[in-house]
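K.L.:
need a structure here:
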Amino acid sequence: QKFGSASFENISKLLSLNLQNHIICISLIKNDIYLIHENSEDINECESEPCLNGATCFESVKPGQFVCICPPFYTGDFCHQRFSPCELPYNPCINNSTCLAQVDGNPMCICKTGFEGTYCEVNSDECISHPCQNGGLCVDGVNHYRCSCQHGFTGTLCEVEINECLSRPCKNNGTCLDLINRFICNCAPGYYGSLCEMDVNECETLPCLHGGSCINRLGGYRCLCLPGFTGDRCEVNIDECMSSPCLNNGSCIDGISSYKCHCKRGFIGTNCEINVNECLPNPCLHGSKELNNTLLYFRCIDLIDGYQCSCEPGWTSSRCEININVCFQNGFFFNYRGKSNMSVKLIFI
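P.N.:
Sure thing, here's the model as predicted:
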């Protein structure tokens, strides 16, 4: 455009220029151009207090215009329109809280559980009450908390002590003792180790007595005893006399894996089972008989611990060694050693 004798293309760069008929050109915001008569009077539009409800009036650089800066919760060119502080986009309450407009026009935020503050902008610390037990670490969340438990504890509040014995870790009938975050195995005899998994070699202590051989077993041992001994450790000497092996009232003397019989007179043998034949040395002097060149001792009667001689006629005493002298009532005495095939006849008057 052309104003008077001046012409220009980029009017936004124009600050001031003398134009025809003494008109001053002023470059304003947004490239708007206003023509003001030289030496004209500037009117203050804010003097009439056009802004309502306590709004602040600012005179615009544009002639005949002003700007109202409204107080909270008012809008419009003259701040004449009131709006709810809870309407979008003015609602200050956050985190899904509820906004209530108060009588004074200010908003009040009703917070959801887990939030606090004027505008519910603060996440409540659920850990402030220290809910976690047994040294558990409280981790705060939005409207909740989580307990990070120490080893050996579980549960929402770490209130449950974990029973490590539930898995039955102790072997070989070991007894489990539950502790905090650990356990102890009390092993049965014959086992050792943290889980009672190791077998004790009981034979290392040489438990078998009297030369017995030790055989190690799981949880124990066994002794193979030498003859004459018995018991778990071969500690008992077997009494071989318990079975009364000695016969005929013989006395039994126990030994090591043996016994000895002391026999009564008239008996011999390991168990006193043999009756001694006292007739064998032919103690009877006149009590034997020869038959077919064999001397028979039928006149000797064997007894227990002795013998008895059955003497031939004319002999007496225990061994038939005394010759009998026959005496009669009338004083007649006859002593005769006869021969075979000879008979004597006595007539008594």
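K.L.:
so what touches stretch 223-238?
P.N.:
Contacts of stretch 223-238 from elsewhere in the structure, counted by CB atoms under 8 Å, 6 or more residues apart in numbering, are 207-215, 240, 254-258. Placement of C-beta: from N, CA and C, glycine included.
K.L.:
top of those by neighbour count?
P.N.:
Neighbour tally across the contacts of stretch 223-238 (other CB atoms under 10 Å): the maximum, 24 neighbours, falls on residue 208.
K.L.:
check contacts around that one.
P.N.:
Contacts of residue 208 by CB under 8 Å, 6+ apart are 214, 221, 223-225, 233-234.
K.L.:
let me see the mean pLDDT of stretch 77-86.
P.N.:
The average pLDDT within stretch 77-86 is 86.
K.L.:
hmm, I was thinking of stretch 206-217
P.N.:
pLDDT averaged over stretch 206-217 gives 93.
K.L.:
next one: it to chain centre, how far?
P.N.:
Mean-position distance between stretch 206-217 and its chain equals 33 Å (CA atoms, centre = their mean, to the nearest Å).
K.L.:
cool, stretch 264-278 as well?
P.N.:
For stretch 264-278 - counting by CA atoms, centre = their mean - the centre lies 70 Å from the chain centre.
K.L.:
in that stretch, what counts as buried?
P.N.:
Residues of stretch 264-278 classed as buried by neighbour count (16 or more other CB atoms under 10 Å): 266-267, 271-272, 275-276, 278.
K.L.:
same question, stretch 224-232
P.N.:
Applying 16+ other CB under 10 Å to stretch 224-232 flags 225, 228-229 as buried.
K.L.:
without its sequence neighbours, what residue ends up closest to residue 91?
P.N.:
Excluding the flanking residues, the one nearest residue 91 by CB to CB, 6 or more residues apart in numbering is residue 99, at 5.0 Å.
K.L.:
how far away is the nearest residue to residue 110 once chain neighbours are set aside from residue 146?
P.N.:
With sequence-adjacent residues excluded and distances taken as CB to CB, 6+ apart, residue 110 is closest to residue 98, at 4.1 Å. Distance of residue 98 to residue 146, given as CB to CB, to the nearest Å: 27 Å.
K.L.:
and residue 274, by the same measure?
P.N.:
Where residue 146 is concerned, residue 274 sits at a distance of 99 Å (CB to CB).
K.L.:
stretch 156-164: end-to-end distance?
P.N.:
19 Å (CA to CA, to the nearest Å).
K.L.:
got it, and stretch 197-215?
P.N.:
In stretch 197-215, first residue to last residue: 20 Å (CA to CA).
K.L.:
how about stretch 136-150?
P.N.:
Stretch 136-150: ends 6 Å apart by CA to CA.
K.L.:
what comes up buried for that stretch?
P.N.:
136, 138, 145, 147, 149-150.
K.L.:
quick one: mean pLDDT for that stretch?
P.N.:
Stretch 136-150 comes out at a mean pLDDT of 93.
K.L.:
distance between that stretch and the chain's centre?
P.N.:
Relative to its parent chain, stretch 136-150 has a centroid offset of 30 Å by CA atoms, centre = their mean.
K.L.:
still on that earlier bit, could you count how many residues lie near the residue nearest to residue 110?
P.N.:
Counted with other CB under 10 Å, residue 98 comes out at 13.
K.L.:
the one 5 residues further on too?
P.N.:
The local packing count at residue 103 equals 5, with neighbours defined by other CB under 10 Å.
K.L.:
what secondary structure does it sit in?
P.N.:
On the three-state scheme (DSSP: H, G, I helix; E, B strand; the rest coil), residue 103 is labelled coil.
K.L.:
sec struct for residue 204, please.
P.N.:
helix.
K.L.:
mind listing what's buried along stretch 148-168?
P.N.:
Of the residues in stretch 148-168, those buried (16+ other CB under 10 Å) are 149-150, 152-153, 157-158, 164-165.
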